[in-house]
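Asker: Compute the structure for the input listed below.
(one chain, ligands or ions: 2)
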Amino acid sequence: MAQFEEVSQKSALHPKPAGLVLQYGTAGFRTNAKNLDHVMFRMGLLATLRSKNTKATIGVMVTASHNPEEDNGVKLIDPMGEMVAMVWEGYATQLANAEQDDLLPALKDIIKREAINMTQEANVFVGRDTRSSGACLSQAVLDGVSTLDGHNYGLVTTPQLHYMVCCQNTQGQYGEATVEGYYRKLSQAFIRLTKNVPNRTDDQKHLCVDGANGIGALKVREMERHLERELQISLFNDGSSGKLNHQCGADFVKVQQKAPTGVEMTVGERCCSFDGDADRIVYYYSSSAGRFHLLDGDKIATLISTFLKELLTQAGLDLKMAVVQTAYANGSSTQYLENTMKVIMKCTKTGVKHLHHAAQEFDIGVYFESNGHGTVLFSKTAEQKIKQLAEDSTSSDEKKRAALLLQNTINVINQVSNPRVIDTTDAERRAVSPAGLQEAIDSLVKKYRQARSFVRPSGTEDVVRVYAEAETQESADALAHEVSLAVYRLAGGVGDEPKPLH
Ligand SMILES: CC(=O)N[C@H]1[C@@H](OP(=O)(O)O)O[C@H](CO)[C@@H](O)[C@@H]1O
Ligand SMILES: [Mg+2]
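Answerer: Ligands and ions are numbered 1, 2, ... in the order given. Below you'll find the model as predicted:
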């Protein structure tokens, strides 16, 4: 077929370095930008197939999120704005790793397995963050998508591209598939929501935003114009001089537990940080004693679910709400939500797609990773019940007010999303191999008060991650070090022995 001949010719312009092997991990492909041209071209091909296969628009986001500026990556977005289906992650890996001569057979294999009708039209939306390699790499994606079937949105955040894909596939029901449409929908809901907050002070209208020197900075500037001064933003790390994610951004703040470079915090001032593609957020402030307080994903989930629970009670609505976390959630947040707030709690594997799927099982599913990825999902039934109540002329003022606040909350939230020897179970909280590792961790944990620890292979880097929590910082550090040594000993460590953590 002519289509395949064209693929053959074009793929020669995007050659794969022989022997290079990459894996579609938790957040797609991610590595040094120099090694990604062929991957981008091939993801353009794959997104086209996925679009024909689902008869819907598919998104391709070119980003390496919180990683250094020199890196880049790519992730695919499925029709409703969610992460691409798991079996297609496998196809992505096959296609990215096929040597030059094996590309066509690999492509034909996917077409056959999924019984794809090649005459079906395709539509692919492409977006990228601010990395300097992004323009060329998104062009390589578009080379893979036939020119008629692609739309390049250029510079957008990951949540914006998810939103646009979802709008396109719901014929505008979710909103208008443009960046302006995104600002309008979210800012109008925000203004309505905050106007209903009694006695909102000027302090509460002010927010310091660390843009991580990336796309979040550009887009928050654009959005500010729509907020009618209901939110006044002081923007730091706007990309005009600093380097992307360097000494700033959500990951830096979460890991270092301190303010990013460039943000001058006054006591009690509200601050927040995005990551490199603005799909993570963490908040922080400093108390009068100069102590740094972080509001990470665990705290955000706690605040949101408490707020929603209050409104549900006021509205008299019987909706099933759950909070979904991962093994990284601080044990006290889980206990507080479960025992004090009486919220249904779920724990899943690391990675937004796992949390997202678990959250979909409830009328209202609040999900957050500790590092600040997350959102709230409302089922269709929940949305309908809330709408009915808001429009019901016979219900009391209090109920109506609560229902209206819930409605504005739904609209202010962008609901669409965004190795090897060690094997784990129980949402990655226990290791089943290598033999003896879990027992070793259990006996180390027993030595400390209020302690938890687990290990798991990262889904985005070639490392094993060690997590530890305990009553004091010193105990947590000591436990982390001891568990790292056990991993090194029992999982056949290579390279340097692990060093104590800070
Ligand atoms: C401990 C941690 O923060 N892990 C991150 C990280 O995954 P790893 O599988 O741990 O490398 O990157 C993922 C994608 O961005 C994110 O979803 C996840 O939360
Ligand atoms: Mg990110």
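
Asker: So for stretch 354-372, first residue to last residue, what's the gap.
Answerer: 15 Å (Cα to Cα, to the nearest Å).

Asker: Pull out the buried residues from it.
Answerer: Of the residues in stretch 354-372, 354-359, 362-372 count as buried by neighbour count, 16 or more other Cβ atoms under 10 Å. All C-beta spots, glycine's among them, are computed from the backbone N, C-alpha and C.

Asker: Any residue of it touching ligand 1?
Answerer: Yes - using Cβ under 6 Å from any ligand atom, we find that stretch 354-372 touches ligand 1 at 369, 371.

Asker: Quickly check: that stretch near ligand 2 or not.
Answerer: No - residues of stretch 354-372 contacting ligand 2 under Cβ under 5 Å from the ion: none, with a closest distance of 8.8 Å.

Asker: Same question for stretch 154-173.
Answerer: No - contact of stretch 154-173 with ligand 2 (Cβ under 5 Å from the ion) is absent, the minimum separation being 6.1 Å.

Asker: can you pull the buried residues of that stretch?
Answerer: 155-169.

Asker: Number of residues surrounding residue 255?
Answerer: When neighbours are counted by other Cβ atoms under 10 Å, residue 255 registers 11.

Asker: The buried residues of stretch 354-372 in helices, which ones?
Answerer: Among these, DSSP state H puts 354-359 in helices.

Asker: I'd like the distance between the residue of the chain positioned farthest from its centre and ligand 2.
Answerer: Going by Cα atoms, centre = their mean, the residue of the chain most distant from its centre is residue 394, 41.0 Å out. Using Cβ to the ion, to the nearest Å, we find residue 394 at a distance of 46 Å from ligand 2.

Asker: Please report how far that residue lies from residue 388.
Answerer: 11 Å (Cβ to Cβ, to the nearest Å).

Asker: For this protein, which residues are neighbours of ligand 2?
Answerer: For the chain, the residues in contact with ligand 2 (Cβ under 5 Å from the ion) are 65, 275, 277, 279.

Asker: what residues are up against the second one?
Answerer: Right, residue 275. By Cβ atoms under 8 Å, 6 or more residues apart in numbering, the residues touching residue 275 are 65-66, 212, 214, 216, 245, 249-251, 372.

Asker: Residue 50 belongs to a strand, doesn't it?
Answerer: No - counting by DSSP: H, G, I helix; E, B strand; the rest coil, residue 50 is not part of a strand but helix.

Asker: any idea how far it lies from residue 110?
Answerer: 9 Å.

Asker: more neighbours, the two?
Answerer: Taking other Cβ under 10 Å, residue 50 and residue 110 do not tie; residue 50 has more neighbours (28 against 21).

Asker: partner strands of the helix or strand of the chain with the lowest mean pLDDT, parallel or antiparallel?
Answerer: One helix or strand of the chain scores below all others by mean pLDDT, DSSP states H and E: strand 423-425, with a mean of 83. Strand 423-425 pairs in its sheet with strand 430-433 (antiparallel), by DSSP bridges.

Asker: can you pull the buried residues of the partner strand?
Answerer: Using 16+ other Cβ under 10 Å as the burial criterion, the residues of strand 430-433 that qualify are 430-431.

Asker: Just the C-alphas of that strand, formatted as PDB.
Answerer: Extracted C-alpha coordinates of strand 430-433, given in PDB (Å, rounded to 0.1, in the frame of the first residue of the first chain):
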ATOM      1  CA  ARG A 430       5.400  -5.400  50.100                       C
ATOM      2  CA  ALA A 431       8.200  -7.000  48.200                       C
ATOM      3  CA  VAL A 432       7.700 -10.600  47.200                       C
ATOM      4  CA  SER A 433      11.100 -11.100  45.600                       C
END
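
Asker: how about residue 316, what does it touch?
Answerer: Residues near residue 316 by Cβ under 8 Å, 6+ apart: residue 399.

Asker: Could I get the full set of strands for the stretch 1-150 of the chain?
Answerer: 29-32, 57-62, 71-77, 123-128, 150-155 (DSSP state E, counting those that start in this stretch).

Asker: Mean pLDDT lowest where, among these?
Answerer: Across those, strand 150-155 has the smallest mean pLDDT, namely a mean of 93.

Asker: which residues sit in contact with the residue in the chain that ligand 2 sits nearest to?
Answerer: In the chain, the residue that lies nearest ligand 2 is residue 65 (3.2 Å; Cβ to the ion). Residue 65 is in contact with 27, 30, 73, 129, 158, 275-277, 279-280, counting by Cβ under 8 Å, 6+ apart.

Asker: one more time with 6 Å, if that's ok
Answerer: Residue 65 makes contact with 275-277, according to Cβ atoms under 6 Å, 6 or more residues apart in numbering.

Asker: near ligand 1 at all, the strand or helix carrying residue 255?
Answerer: Per DSSP states H and E: residue 255 is located in helix 250-256. No - judged by Cβ under 6 Å from any ligand atom, helix 250-256 makes no contact with ligand 1; its nearest approach is 7.7 Å.

Asker: contacts for that helix?
Answerer: With Cβ under 6 Å, 6+ apart as the criterion, helix 250-256 contacts 66, 260, 273-275, 280, 282, 296, 371-372.

Asker: Stretch 277-297 too?
Answerer: With Cβ under 6 Å, 6+ apart, stretch 277-297 has contacts from 63, 65, 129, 157-159, 215-216, 250, 253-254, 258, 265, 267-268, 270-274, 368-374, 418.

Asker: Just the ones of those in strands?
Answerer: Within those, membership in strands is found for 271-274, 368, 374, as judged by DSSP state E.

Asker: possible to save these as JSON lines with pLDDT?
Answerer: Listed next are the ones in strands among the contacts of stretch 277-297 as JSON lines, based on pLDDT from 0 to 100:
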{"residue": "271", "pLDDT": "98"}
{"residue": "272", "pLDDT": "98"}
{"residue": "273", "pLDDT": "98"}
{"residue": "274", "pLDDT": "98"}
{"residue": "368", "pLDDT": "97"}
{"residue": "374", "pLDDT": "96"}
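
Asker: buried set for stretch 233-247?
Answerer: Buried residues in stretch 233-247 (16+ other Cβ under 10 Å): 233, 235-239, 242, 244-245.

Asker: For PyMOL, write a command that selects the buried ones of the contacts of residue 275.
Answerer: To isolate the buried subset of the contacts of residue 275 in PyMOL, counting by 16+ other Cβ under 10 Å, use the following:
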select buried, resi 65+66+212+214+216+245+249+250+251+372
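
Asker: quick one, phi psi at residue 14?
Answerer: Taking degrees, to the nearest 10, you get phi -130, psi 60 for the backbone angles of residue 14.

Asker: Please read the previous query as pertaining to residue 324.
Answerer: Dihedral angles of residue 324 (phi, psi; degrees, to the nearest 10) stand at phi -110, psi 130.

Asker: which residues does it contact?
Answerer: Counting by Cβ under 6 Å, 6+ apart, residue 324 makes contact with 346, 355, 358-359, 367.
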